[in-house]
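Novice: Need a 3D model of the following:
(one chain, ligands or ions: 2)
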Amino acid sequence: MCEEKQWNSTQLRRYDLELEQIPRLYYTDPKIDELISLNKPVVITGSNIIKTAKANWTPEYLEQNIGNAGHTVMLSKTHKFKYFDESKVLNKNNPHGIEFTPPTRKTKMKIGEFMRKLREWKPGNDRLYLQQPLNNTIGDLLVRDFINFDWEYINNKQSKHNWGPLTSNLILISQEGNVTPCHYDEQQNFFGQAYGYKRCILFPPSDFECLYPHPVYHPHDRQSMVDFDKPDYTRFPRFKFAKGYETVVEPGDVLYIPIYWWHHIESLMRGGPTISVNFWYKVGPTSLEYPLKDHQKVSITRNVEKMLLEVLQDPKEVGPLLRSMVLGRYT
Ligand SMILES: O=C(O)C(=O)C[C@H](CCCc1ccccc1)C(=O)O
Ligand SMILES: [Zn+2]
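Specialist: Ligands and ions are numbered 1, 2, ... in the order given. Model prediction:
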């Protein structure tokens, strides 16, 4: 039977992008392992991976059970929550940092205050996004739910695909309409959707030239410089060639976001709060096998940038040096 969809396309933000669908496969389907081994995204449906979260994690339940410690909440004046690395921002004890105006503010909030602020939110108020690594401050019922995730399935995938150790699980409680702008992470990611609906737009690592990441030394390292709401085609002409994939994850879905794949994530407008839990896996130093995979080339460019910045010191010298090295010789 076909369930009626719980959302409609007016709840999705509109972008100037051509998007194909990410495959949705039932968790017993062997094609899932084919796609994961090719470092390609797939939505795993019908599994018990986060079954207890799908069953129990409503905003009210989390308010009762997430624990009474303060939680990390990002505040933003816009719907965008563009991540930045605080260690790369210029401040008194970081002379090498750069001038930078943070687009979001990080605070600590008790869950009750967070939920109240969400309920009382009015246009013009700061938007809120709770982003809290799961730790030992969570309540007993949440611990029980977490223990009852289908770890056999999860661990089987982790070992079959030679992922490194699970580094962290992030609990995400988003206000409706919030956007995490396009970025990539250096970890494999099982992105579990527990409550509400999130639209995920992904691009392969080979779209590096179309998505213009900030320089590695910048606080917005790994984030795209392109504003999807208003792309600057003069500065970023190749953005029009980006070839994206999208899906809307629903409660119980687990989206495999391959390492180094770009992803933009939005909580549907007028869809109420959303709750997600991700599983990040670091990958160890992999032996370089030829031909190199696209994500390995991105990793190499990062190392070149870091080395050049280390020796040149001044970021303004990196462009001219690379240009003189490459133009007429390698191009
Ligand atoms: O799971 C992922 O990789 C996502 O990008 C999920 C994303 C929020 C990520 C917030 C964040 C980014 C970097 C460091 C710490 C926190 C969302 O769902 O909005
Ligand atoms: Zn991410």
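
Novice: Helices along the stretch 51-200 of the chain, start to end?
Specialist: 51-56, 59-65, 111-119, 140-147, 151-160 (DSSP state H, counting those that start in this stretch).

Novice: residues in the stretch 1-150 of the chain within reach of ligand 1, list them.
Specialist: Selection of the stretch 1-150 of the chain residues close to ligand 1 by Cβ under 6 Å from any ligand atom yields Tyr83, Gln131. The way it works is simple: take the backbone N, C-alpha and C, and place the C-beta from them, glycine included.

Novice: ok, the residue of the stretch 1-150 of the chain found nearest ligand 1 - how many residues close by?
Specialist: Closest approach between the stretch 1-150 of the chain and ligand 1, counting by Cβ to the nearest ligand atom: Tyr83, at 4.3 Å. By the criterion of other Cβ atoms under 10 Å, Tyr83 has 17 neighbours.

Novice: Low-confidence regions, this protein specifically.
Specialist: 1, 92-94, 96-97 (pLDDT under 70).

Novice: So which residue is dead centre in it?
Specialist: In the chain, the C-alpha nearest the mean C-alpha coordinate belongs to His263, at 5.7 Å (Cα atoms, centre = their mean).

Novice: which SSE is it in?
Specialist: strand 262-267 (DSSP states H and E).

Novice: Which helix or strand lies directly C-terminal to that strand?
Specialist: strand 274-282.

Novice: Give the buried residues for that next one.
Specialist: Buried residues in strand 274-282, counted by 16 or more other Cβ atoms under 10 Å: Thr274, Ile275, Ser276, Val277, Asn278, Phe279, Trp280, Tyr281.

Novice: What residue in this protein comes nearest to ligand 1?
Specialist: Closest point on the chain to ligand 1, by Cβ to the nearest ligand atom, is Thr180, at 3.3 Å.

Novice: Please tell me how far that residue sits from Pro219.
Specialist: 16 Å (Cβ to Cβ, to the nearest Å).

Novice: likewise Asp140?
Specialist: In terms of Cβ to Cβ, Asp140 sits 38 Å off from Pro219.

Novice: Likewise for Pro41?
Specialist: Taking Cβ to Cβ, one finds Pro41 at 27 Å from Pro219.

Novice: picking up where we left off before, neighbour count winner among Asp140 and Pro219?
Specialist: A direct count of neighbours by other Cβ under 10 Å for Asp140 and Pro219 places Pro219 higher, at 21 against 9.

Novice: thought the more buried one was touching Tyr83?
Specialist: No: using Cβ atoms under 8 Å, Pro219 makes no contact with Tyr83, being 9.0 Å away.
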